[in-house]
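Student: model this:
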Amino acid sequence: ALNLPQGRPLGSDAKLQNQTLCLNAVTAVGCGVQGLSPRQLVDAPSHQQGTLQLVWNLTRSALLGPIKTSKMPQLNGLCLVGEDPAVLAKYRPEQVLLRWVNHHIRGYLEASPEQASVPRTFRVTNLHADLADGLALSIVLHQVAPRRSAAVGVSEAALASSSADERVRLAIEAAELCGVEMFEVDAADVLEARPRMLLAFVAAIFRTCPGLDAQAEPEAPASKRGRRGNRSQEREEAALRMWMASLGLGLESLSSLYEDCRTGVVFLRLLDFLRPGAVDWSRVLLEPRSIYERVQNCNRAVSVARQVGLVVAGFSGKDLADGISMYILSMASQLMRTHACQFLEALGMGDADMLEWANCQIKRHDEAMPNLRNFADPQIRTGVFLLKLLRSVAPECAREELILSGTTEEERAQNARYAISCAHKAGCTVFATWEDVVEGRPRMMLCLLAAIMAEDLRRHAAEPVDKDLPTPNQS
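Tutor: You can find the predicted model right below:
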């Protein structure tokens, strides 16, 4: 989907299309920067603050994204005695790294009872100021360095040093000897406790040599359908979090819907965003301290959701406060759907009108294409319909010769990947993944088509309505 130079520099339109693709893609994975536009990225030297924030967001995501128990079962080795691994699974990556650092400090102290330079109660409470003297970093590197490697000797020299400057210099040298190459840091970054640099440095050490034993219990046998269901639920939860983060409501730090939505405050903020004035904030407990206060907030969220037209029959505020996944996802997905279709409501249109628009749009360019009957129609899984629709809306964003027939699993996957990238390139902010397309998940497909339709309306806002397309007065 990217425009690549063909023997000469890209033109301004091609650059803008590439930056539109990139910005919508990073927004879809939760790395977007509020207020940063594709045109500003084209002229990045004049918009350094936003550009650097975007680079940091991507760097942070690359370094911290894999730090979760679902991807690294050995992280369960960080659990304290008697602690439920489910508790650690809800930690943010920064919290996991902090636990990891203290795990190795505790291990060092237990294995070296004779040493007197490090207090027995020594622990760190953050990943910036507490690391500035290099002591904690030296201990961690001593613990994770491959045995009998040069890094062990350097880390021991760092621990023996009474100079913070020398200790930090030796710790960085030990990290290099361990093979930490993902991120470069110098002594000044550590000594001056620069938060981002230190977070990236610690994450890079962790990714290179975590020094953990696999302690997770073997996964119980599961059917292929069950494993696929779990992965689909994980993707949906991630997509909903990324959508929330993109709204500019200060929800960028959400790490788990099942945990972060239990207070009810997140749902109430979303409801108030979608229907301004719907929430009486004087009756909301912004920092609930007990399960009873959380249930009170969640009951209010369910009540407001019912008032604005969401289907909330079958669950209560208690279910949300308990973090029951199916109800959390139901509530959140309905909010996302409402947001995606708000422009349809303004036009007096509904789901059926959107399907009619999509079918008419494609017929104007490919009369042989079968109609899409609903958002669960099997033909959507091939990716062909979506790509044809995108070509009709934004011809410059999808190339006909790259659209495959979709008869094999691999062709469907390639089409789906291409369709998502083309949608980003066209200017659509979508949170569906290519897996959602090949699985034909109706809720995500509705939101994807709504985003494409919104882009089409935006492009043709100043043009007369085509008589062949459905209008708000047609039903």
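
Student: which element is residue 407 on?
Tutor: Here residue 407, judged by DSSP states H and E, is contained in no helix and no strand.

Student: and it, what pLDDT?
Tutor: Residue 407 is assigned 92 on the pLDDT scale.

Student: how about residue 431, phi and psi?
Tutor: Backbone dihedrals for residue 431, given as degrees, to the nearest 10, come out at phi -120, psi 0.

Student: just give the nearest non-adjacent residue to it, would you?
Tutor: Nearest residue to residue 431, sequence neighbours excluded (C-beta to C-beta, 6 or more residues apart in numbering): residue 239, at 4.2 Å. For the C-beta atoms, the positions are set from N, CA and C on the backbone; glycine is no exception.

Student: quick check, residue 70 in contact with residue 234.
Tutor: Yes: with the criterion set as C-beta atoms under 8 Å, residue 70 and residue 234 qualify as a contacting pair; they are 7.2 Å apart.

Student: circling back: what about the residue nearest to residue 431, distance to residue 44?
Tutor: According to C-beta to C-beta, to the nearest Å, residue 239 stands 28 Å off from residue 44.

Student: neighbour count winner among these two?
Tutor: Neighbour totals were compared for residue 239 and residue 44, and residue 239 leads with 25 against 15 (other C-beta atoms under 10 Å).

Student: flag every buried residue along stretch 37-55.
Tutor: Of the residues in stretch 37-55, those scored as buried under the neighbour-count criterion (16 or more other C-beta atoms under 10 Å) are 38, 40, 41, 47, 50, 51, 53, 54.

Student: would you turn those into JSON lines with secondary structure, distance to residue 109 and pLDDT?
Tutor: Listed next are the buried residues of stretch 37-55 as JSON lines, based on DSSP: H, G, I helix; E, B strand; the rest coil; distance: C-beta to C-beta, whole Å; pLDDT from 0 to 100:
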{"residue": "38", "secondary structure": "helix", "distance to residue 109": "52", "pLDDT": "87"}
{"residue": "40", "secondary structure": "helix", "distance to residue 109": "50", "pLDDT": "89"}
{"residue": "41", "secondary structure": "helix", "distance to residue 109": "48", "pLDDT": "89"}
{"residue": "47", "secondary structure": "coil", "distance to residue 109": "48", "pLDDT": "89"}
{"residue": "50", "secondary structure": "helix", "distance to residue 109": "44", "pLDDT": "89"}
{"residue": "51", "secondary structure": "helix", "distance to residue 109": "44", "pLDDT": "91"}
{"residue": "53", "secondary structure": "helix", "distance to residue 109": "39", "pLDDT": "90"}
{"residue": "54", "secondary structure": "helix", "distance to residue 109": "41", "pLDDT": "90"}
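
Student: which one of those residues is nearest residue 136?
Tutor: Distance to residue 136, by C-beta to C-beta, is smallest for residue 53 among the buried residues of stretch 37-55, at 27.8 Å.

Student: test my guess that residue 236 contacts residue 444.
Tutor: Yes: proximity of residue 236 to residue 444 meets the contact threshold set by C-beta under 8 Å, at 7.5 Å.

Student: in this structure, what spans have low per-residue confidence?
Tutor: In the prediction, the chain carries residues with pLDDT under 70 at positions 182-183, 214-230, 462-475.
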